[in-house]
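Asker: Got a predicted structure plus its sequence, pasted below:
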Amino acid sequence: MKKATYWIATIWLALGMTSTGVVQLLQIKQEADFTAKLGFPPYILVLLGIWKILGVIAILIPKMPLLKEWAYAGFFFVMTGAIFSHLSTHNPGDIFPSLLLLVLTLMSWYFRPESRKFTHPLTSIS
């Protein structure tokens with residue numbers, strides 16, 4: 001059950017981050033207008049799009065658990081930042097996609113298998 005929960009959350013997270021990352025990377029007009037409404041400059045879209053796509057690659061590839069931890073942390077920071085931005089601009093109704101991706105990030109991270117977890121080399125010394 002834990003493995004199934006991990007993969008369901010991870011696949012949905014990957015789809016959500018990839019789709020929003022591509023839209024941001026391509027600077028689709030609707031997304032650019034929405035970002036401007038939040039008070040951010042247009043170039044932030046390219047940066048967020050690249051980070052999201054690289055993060056998806058990091059969480060899906062086998063091995064590299066430290067890179068996965070960084071990707072999960074990045075997703076956490078980006079989604080909490082998005083939620084805060086929506087709340088700060090008095091658009092609480094717009095937080096649902098960011099909140100959903102935040103929940104999927106936390107679920108994927110929490111339920112990840114041992115082979116995808118980072119263990120510090122010094123903690124494994126007896």
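Answerer: Received it, and whenever you're ready, just let me know what you need. Residues are numbered from 1 along each chain as shown.
Asker: Nearest the geometric middle of this structure, what residue?
Answerer: Taking Cα atoms, centre = their mean, the centroid of the chain lies closest to residue 75, which sits 2.9 Å from it.
Asker: what does the helix or strand encompassing residue 107 rub up against?
Answerer: Secondary structure assignment for residue 107, by DSSP states H and E: helix 96-110. With contact meaning Cβ atoms under 8 Å, 6 or more residues apart in numbering, helix 96-110 is reached by 5-6, 9-10, 12-13, 16-17, 20, 59, 72, 75-76, 79-80, 82-83, 86. (Each C-beta comes from the backbone N, C-alpha and C, glycine too.)
Asker: Thought residue 55 was touching residue 74, still the case?
Answerer: Yes. Here residue 74 reaches residue 55: they are 5.3 Å apart, a contact under Cβ atoms under 8 Å.
Asker: Those two: which is more packed in?
Answerer: residue 55 (25 against 17; other Cβ atoms under 10 Å).
Asker: which of the residues in stretch 62-72 are buried?
Answerer: 67-69, 71-72 (16 or more other Cβ atoms under 10 Å).
Asker: Check stretch 6-20 too.
Answerer: With burial defined by 16+ other Cβ under 10 Å, the residues of stretch 6-20 counted as buried are 6, 9-10, 12-14, 16-18, 20.
Asker: How far off centre is the lowest-mean-pLDDT helix or strand in the chain?
Answerer: Ranked by mean pLDDT, DSSP states H and E, the helix or strand of the chain with the weakest confidence is helix 29-37, at a mean of 89. Its chain's average C-alpha position is 19 Å from that of helix 29-37, according to Cα atoms, centre = their mean, to the nearest Å.
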